[in-house]
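Peer 1: Fold the stuff below for me.
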Amino acid sequence: MTNLPPNNSNNNKNGRNNIENNTLPVPQGKIRVPNLDQLPNELQELYDGKEPRSRSFRKYIREYNAANAFTSLGVTMDDRVIPGRGPSSFVIHGELHHRIGALLPNQGQEAMYEQLYIYNPGTTLHTRQRRNPHLKRDVLKIIEDTLLQSNPFCELYRRAYEVLEDEAGEDENFNVPAYLYYSVSASTDHRRYNLPSTDEIAVILLFNLSQSKV
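Peer 2: Residues are numbered from 1 along each chain as shown. Model prediction:
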């Protein structure tokens, strides 16, 4: 991403362009958008390369993204849109949100989404490959390795799992009380990380704050 200089050109003979530039609340280049971080070399090669695995990555990029996602997408899709030869359309009704499940899968169920990040990478790679046989294993491994090295949530989920194991010991039915707090620092951008504005009650938690474990 490149920051562009302010537009001082006046290509219109009657000065209309200049008038608009002087009257509209345009910041004239004062806002600086930070450049994107450089991608790891192996991931950048998937975007730019011409070998089969790079073509697979670009062709099925949404599937690769979904295979490594932490959450599932919760929407009501509109399937009435007939697929054509033009750009694909993704039409939904109502709100768009993301669903996050429990840290551990239920007994007899296979791990999915964020649950995969608490297990051995070799095991999770096999699970993703089996669920998506049309995706290349080496590409899945590159994405997984990149996430494990650069995404802080991978370590966060694994650490939470270790805390649960330490607290539970050998008791499989042991439950660790956990609570979620919303913390806003002075440096937080309130236009982006704003407080909830709904007047509906979502949940009521009754507990002793002094005796709780976070």
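Peer 1: From here on, just use CA atoms for contacts and neighbour counts.
Peer 2: OK.
Peer 1: Hmm, residue 91 is touching residue 75, no?
Peer 2: No - using CA atoms under 8 Å, residue 91 is not in contact with residue 75; the gap is 9.6 Å.
Peer 1: show me where the chain has strands.
Peer 2: Applying DSSP state E to the chain gives strands spanning 72-77, 92-99.
Peer 1: just to revisit the earlier point, look at residue 91 and residue 75 and report which has more neighbours.
Peer 2: Applying other CA atoms under 10 Å to residue 91 and residue 75 shows that residue 75 carries more neighbours, namely 15 against 12.
Peer 1: and the lengthiest helix in the chain, which residues are buried?
Peer 2: The longest helix of the chain (DSSP state H) is helix 152-168. By neighbour count on 16 or more other CA atoms under 10 Å, the buried set for helix 152-168 is 154, 155, 157, 158, 161.
Peer 1: With just CA atoms, put it into PDB.
Peer 2: Extracted in PDB, the C-alpha atoms of helix 152-168 (Å, rounded to 0.1, in the frame of the first residue of the first chain):
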ATOM      1  CA  PRO A 152      -0.400 -14.300  18.600                       C
ATOM      2  CA  PHE A 153      -3.700 -16.000  18.900                       C
ATOM      3  CA  CYS A 154      -2.200 -19.400  18.100                       C
ATOM      4  CA  GLU A 155       0.000 -19.200  21.200                       C
ATOM      5  CA  LEU A 156      -3.000 -17.700  23.200                       C
ATOM      6  CA  TYR A 157      -5.200 -20.700  22.500                       C
ATOM      7  CA  ARG A 158      -2.400 -23.200  23.300                       C
ATOM      8  CA  ARG A 159      -1.600 -21.400  26.500                       C
ATOM      9  CA  ALA A 160      -5.300 -21.500  27.500                       C
ATOM     10  CA  TYR A 161      -5.400 -25.200  26.900                       C
ATOM     11  CA  GLU A 162      -2.300 -25.700  29.100                       C
ATOM     12  CA  VAL A 163      -3.900 -23.700  31.900                       C
ATOM     13  CA  LEU A 164      -7.000 -26.000  31.700                       C
ATOM     14  CA  GLU A 165      -4.800 -29.100  31.800                       C
ATOM     15  CA  ASP A 166      -2.900 -27.800  34.800                       C
ATOM     16  CA  GLU A 167      -6.000 -26.900  36.800                       C
ATOM     17  CA  ALA A 168      -8.000 -30.100  35.900                       C
END
